[in-house]
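Asker: only geometry, no sequence info:
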């Protein structure tokens, strides 16, 4: 059975209507399309092949050009972003400044940057004193002075070197008995040398207390009449004072 | 593989006869491939673009072509894939994603043809074909117009012969129904 006949029979079984249709191609295409197509396609392929470096390329790139290309491009992009950021910042502050060229207005002698800077050695070498060394010594000296002041101050402030007087111990000594063993000559010598060196608590006795002490000792020598008289006078005085206060 | 195709492939693998062999391949298959593509994409300009892309791909891939399949089958496979890719791109460009809406666009293109005549059955048939789902459309075209055996079609579309027969059956029934009711 012929292939076409096989397909036709199949279609007759499925759809006799379609099998009975005459196969007419309703589409049209430009005249001579298929005649020119192979050349057009070949041309296009050769052009594409050229572009895809299928054929030898006349252009050359420096050795290792593509190795660092991505880094170069990225750094350029970052630089551009930075410039844009600066420019937009300036645009918000002073837009006029963005319109002014940043090209240098000053000029340098021709070839200034290309010339190598030659350093001539000095003919006579003057002695050089290091300022740094003197400075260092000054710093050490100042530090020593400050440390001394601090240590002395701390010592004076915290010094408790004065020996405590053992009052209780001395209070228990039987002075009269002890004095019996001391010769008169030694006592006189002692009193003469240490007139003010009395062993007793260093309590400041006020003038009023000293006066009171004198009065007590002198009271024994005063008679009753004199005392009464004294009291009378003082009572009147205190009354007077009290009345003054009341008034 | 057809004897002539084998010879053309041998010539293609030799540098001095490569271009000549390729031109011969184009001349041999251009019309079959063109109409296969044209029925799918409808407009001539689109068919021309797709066809040229197909042959560029053939040029680039022919060196690695495995000769265990027929050149004819391989060319149809490329043409089919290129046509479907083109239609997908068209859908994306026109923000049309639904298959039915894609069919509508192709139907409109048919109606826009200067020779279109709705009274003629051949035009109704073309409109009916565009109403089919993509797979059925392909199967019907390959079987009805190109008279392709299911075995070859199976290689092109990666589908079993049984499934292809079923698709063709459904497609023919739908087309008949459409034409009768148009």
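Answerer: Yes, it's here. In this text, all values refer to a predicted model and were calculated from it rather than measured experimentally.
Asker: CA only for contacts and neighbour counts going forward, please
Answerer: Noted.
Asker: ok, and does stretch B:161-170 reach over to chain A?
Answerer: Yes. If you take CA under 8 Å from any CA of the partner chain as the test, stretch B:161-170 does meet chain A, through residue B:169.
Asker: same deal with stretch B:26-38?
Answerer: Yes. Counting by CA under 8 Å from any CA, chain A has neighbours in stretch B:26-38: B:26-27, B:30-31.
Asker: in that stretch, which residues are buried?
Answerer: For stretch B:26-38, burial by neighbour count (16 or more other CA atoms under 10 Å in any protein chain shown) applies to B:26-27, B:30, B:33-38.
Asker: average pLDDT across the lengthiest helix in chain A?
Answerer: In chain A, with assignment by DSSP state H, the single longest helix is helix A:131-158. The average of the pLDDT scores along helix A:131-158 is 79.
Asker: what packs against it?
Answerer: Contacts defined by 3 or more CA pairs under 8 Å, 6 or more residues apart in numbering or on different chains; DSSP states H and E place helix A:131-158 against no helix or strand at all.
Asker: just give me the closest of the residues of stretch B:26-38 next to chain A to residue A:26.
Answerer: residue B:31 (15.2 Å; CA to CA).
Asker: in terms of helices and strands, where is the residue nearest the centre of chain B?
Answerer: Chain B has residue B:36 as the residue nearest its centroid, 3.4 Å off, counting by CA atoms, centre = their mean. Per DSSP states H and E: residue B:36 is located in helix B:18-41.
Asker: next SSE after that helix?
Answerer: helix B:44-61.
Asker: strands of chain A, residue ranges please.
Answerer: With DSSP state E, there are no strands along chain A.
Asker: tell me how it divides into domains.
Answerer: Following automatic domain parsing, one gets these domains for chain A: A:3-51, A:70-98.
Asker: can you put the ones you listed in JSON lines and add distance to chain B and mean pLDDT?
Answerer: Converted to JSON lines, the domains of chain A look like this (distance: least, CA to the nearest CA, whole Å; pLDDT from 0 to 100):
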{"stretch": "domain A:3-51", "distance to chain B": "6", "mean pLDDT": "86"}
{"stretch": "domain A:70-98", "distance to chain B": "29", "mean pLDDT": "74"}
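Asker: ranking these by mean neighbour count, which comes first?
Answerer: domain A:3-51 (a mean of 14; mean count of other CA atoms under 10 Å in any protein chain shown).
Asker: returning to that earlier point: any chance of the residues of stretch B:26-38 next to chain A in TSV, plus pLDDT?
Answerer: Below are the residues of stretch B:26-38 next to chain A laid out as TSV (pLDDT from 0 to 100):
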residue	pLDDT
B:26	93
B:27	92
B:30	93
B:31	93
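Asker: out of those residues, the closest to residue A:186 would be?
Answerer: residue B:26 (151.3 Å).
Asker: and that closest one, how far from residue B:80?
Answerer: 16 Å (CA to CA, to the nearest Å).
Asker: contact residues of chain B facing chain A?
Answerer: Residues of chain B lying near chain A (CA under 8 Å from any CA): B:19, B:23, B:26-27, B:30-31, B:44, B:52, B:55-56, B:59, B:115-116, B:122-123, B:143-144, B:147, B:169, B:172-173, B:176.
Asker: can you do 6 Å?
Answerer: B:23, B:26, B:52, B:56 (CA under 6 Å from any CA of the partner chain).
Asker: if I look at residue B:149, how far off is residue B:168?
Answerer: 12 Å.
Asker: swap in residue A:157?
Answerer: 115 Å.
Asker: next: residue B:8.
Answerer: 33 Å.
Asker: so for those two, which sits in the more crowded spot?
Answerer: residue B:168 (25 against 18; other CA atoms under 10 Å in any protein chain shown).
Asker: between helix B:18-41 and the helix or strand bottoming out on mean pLDDT in chain B, find me the angle.
Answerer: For chain B, using mean pLDDT, DSSP states H and E, the weakest element among its helices and strands is helix B:99-111, scoring a mean of 79. Helix B:99-111 runs at 110 degrees relative to helix B:18-41, counting by axes from the mean of the first three to the mean of the last three CA atoms, to 10 degrees.
Asker: buried set for helix B:99-111?
Answerer: B:102-103, B:105-107, B:110-111.
Asker: any chance of these in a markdown table, plus distance to residue A:228?
Answerer: Conversion of the buried residues of helix B:99-111 to a markdown table gives the following (distance: CA to CA, whole Å):
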| residue | distance to residue A:228 |
| --- | --- |
| B:102 | 144 |
| B:103 | 147 |
| B:105 | 146 |
| B:106 | 149 |
| B:107 | 151 |
| B:110 | 155 |
| B:111 | 155 |
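Asker: name the nearest of the residues you listed relative to chain A.
Answerer: residue B:110 (9.1 Å; CA to the nearest CA).
Asker: state the distance from that closest one to residue B:173.
Answerer: 21 Å.
Asker: repeat for residue A:157
Answerer: 119 Å.
Asker: show me which of the two is the more surrounded one.
Answerer: Ranked by neighbour count (other CA under 10 Å), residue A:157 and residue B:173 place residue B:173 first, with 15 against 9.
Asker: residue B:53: neighbour count?
Answerer: For residue B:53, using other CA under 10 Å, the count is 19.
Asker: in which helix or strand does the residue nearest to it when sequence neighbours are not counted reside?
Answerer: Spatial nearest neighbour of residue B:53, chain neighbours left out: residue B:82 (7.7 Å); criterion: CA to CA, 6 or more residues apart in numbering or on different chains. Element membership of residue B:82 [criterion: DSSP H and E] is helix B:71-93.
Asker: related to what we said a few turns ago, now for the residues of stretch B:26-38 next to chain A: which two are most distant?
Answerer: B:26 and B:31, at 8.8 Å, using CA to CA across the residues of stretch B:26-38 next to chain A.
Asker: name the nearest residue to residue A:41, sequence neighbours excluded.
Answerer: Nearest to residue A:41 is residue B:52, by CA to CA, 6+ apart, at 5.9 Å.
Asker: follow-up on the earlier one: for the helix holding residue B:36, name the packing helices and strands.
Answerer: The contact analysis (3 or more CA pairs under 6 Å, 6 or more residues apart in numbering or on different chains; DSSP states H and E) places helix B:18-41 against helix B:3-12.
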